[in-house]
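J.: Sequence and predicted model, in that order:
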Amino acid sequence: MLRIATYNVNSIRQRLHILIPWLKENEPDIICMQETKVENNRFPSADFHRIGYHVVFFGSKGRNGVAIASLEEPKNVKFGLDSEPRDEDRIIVAEIGNITVVNTYIPQGFKVDSEKYAYKLQWLDRLKKFFEKNLNLDSLVAWCGDMNVAPDDIDVHSPDKLRNHVCFHEAARNAYKKILEMGFIDLLRKHHPNERIYTFFDYRVKGSIEKGLGWRVDSINVSKKLADRSIDCYVDMKPRLAERPSDHTILVADFEI
């Protein structure tokens with residue numbers, strides 16, 4: 001069996017008390033992490049090495065940052081997009097075994113009428129072009145990450161109220177879906193097509209978990225060849241319920257390989 005996970009840690013050094021025990025208990029072959037918020041020379045790689053994981057990463061102090069930890073050593077690791085600005089701290093592509101793994105932390109966008117939202121839409125378009133140039137979706141491909149897009153009404157707690165939110169706005173959803181239409185399969189929806197399952201519960205909303213006020217903005221999207229081998233895709237809520245958690249939790253996919 002192969003297990004792949006994704007987790008927006010919201011500061012890797014602040015979540016090691018959750019992440020390392022989770023890795024030891026669940027033993028994923030690959031975990032993609034976003035929003036690590038640490039410069040490269042301070043990334044806690046030794047904590048991963050001690051429990052048998054290789055780790056590759058790119059980040060900066062206090063913002064963004066991506067990392068992949070894996071039991072098998074990653075090969076042909078690349079950071080950033082092809083075009084400027086490369087945004088190395090938002091995307092990693094690596095070959096792990098016979099799978100191409102992509103980890104993205106897509107821009108959030110701030111407000112719909114802001115330059116940051118325009119940049120988000122541009123980034124999604126650039127990502128699509130990057131995939132067209134660099135990925136072979138007839139092979140085994142896993143695209144994981146914090147997409148900062150909830151694709152459909154079922155993926156947010158109050159769709160009518162949230163239409164103009166940058167993570168649920170029509171333009172962002174359409175741009176994201178254009179990438180999916182290249183040949184990606186959203187694994188959570190493959191296995192749980194009609195369930196309201198969330199990966200993010202905002203710290204700032206009192207009782208968000210108890211009230212079910214969540215979002216599904218984290219995804220594991222895979223090529224058809226890999227989807228055909230999938231057993232399940234599910235959210236583990238324990239990391240979000242732990243002390244001093246990230247506002248995201250861990251999404252997991254299992255495969256027969």
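T.: All right, it came through fine. Numbers count the residues shown, from 1 in each chain.

J.: Could you give the average pLDDT over stretch 145-158?
T.: Averaged across stretch 145-158, pLDDT comes to 98.

J.: Buried ones in that stretch, by neighbour count?
T.: For stretch 145-158, burial by neighbour count (16 or more other Cβ atoms under 10 Å) applies to Gly145, Asp146, Met147, Asn148, Val149, Ala150, Pro151, Asp155, Val156, His157. Glycine gets a C-beta too; all of them are placed from N, C-alpha and C.

J.: ditto for stretch 96-113
T.: Counting neighbours by 16+ other Cβ under 10 Å, the buried set in stretch 96-113 is 96-97, 99-109, 112.

J.: Repeat that for stretch 186-194.
T.: The neighbour-count check on stretch 186-194 (16+ other Cβ under 10 Å) flags Asp186, Leu187, Leu188, Arg189, Lys190, His191 as buried.

J.: Next, the third one: secondary structure please.
T.: Under the three-state scheme (DSSP: H, G, I helix; E, B strand; the rest coil), the conformation of Leu188 reads as helix.

J.: Is it correct that it is in contact with Asn221?
T.: No. At 9.3 Å, Leu188 does not count as touching Asn221 under the criterion of Cβ atoms under 8 Å.

J.: which is the next helix or strand following the longest helix anywhere in the chain?
T.: The longest helix of the chain (DSSP state H) is helix 115-134. Sequence-wise, the next helix or strand downstream of helix 115-134 (DSSP states H and E) is strand 141-146.

J.: and that next one with helix 115-134, angle?
T.: Relative orientation of strand 141-146 versus helix 115-134 (axes from the mean of the first three to the mean of the last three Cα atoms, to 10 degrees): 170 degrees.

J.: what distance separates strand 141-146 from the centre of its chain?
T.: Distance, stretch centre to chain centre, for strand 141-146: 6 Å (Cα atoms, centre = their mean, to the nearest Å).

J.: Thanks again, I'm all set now.
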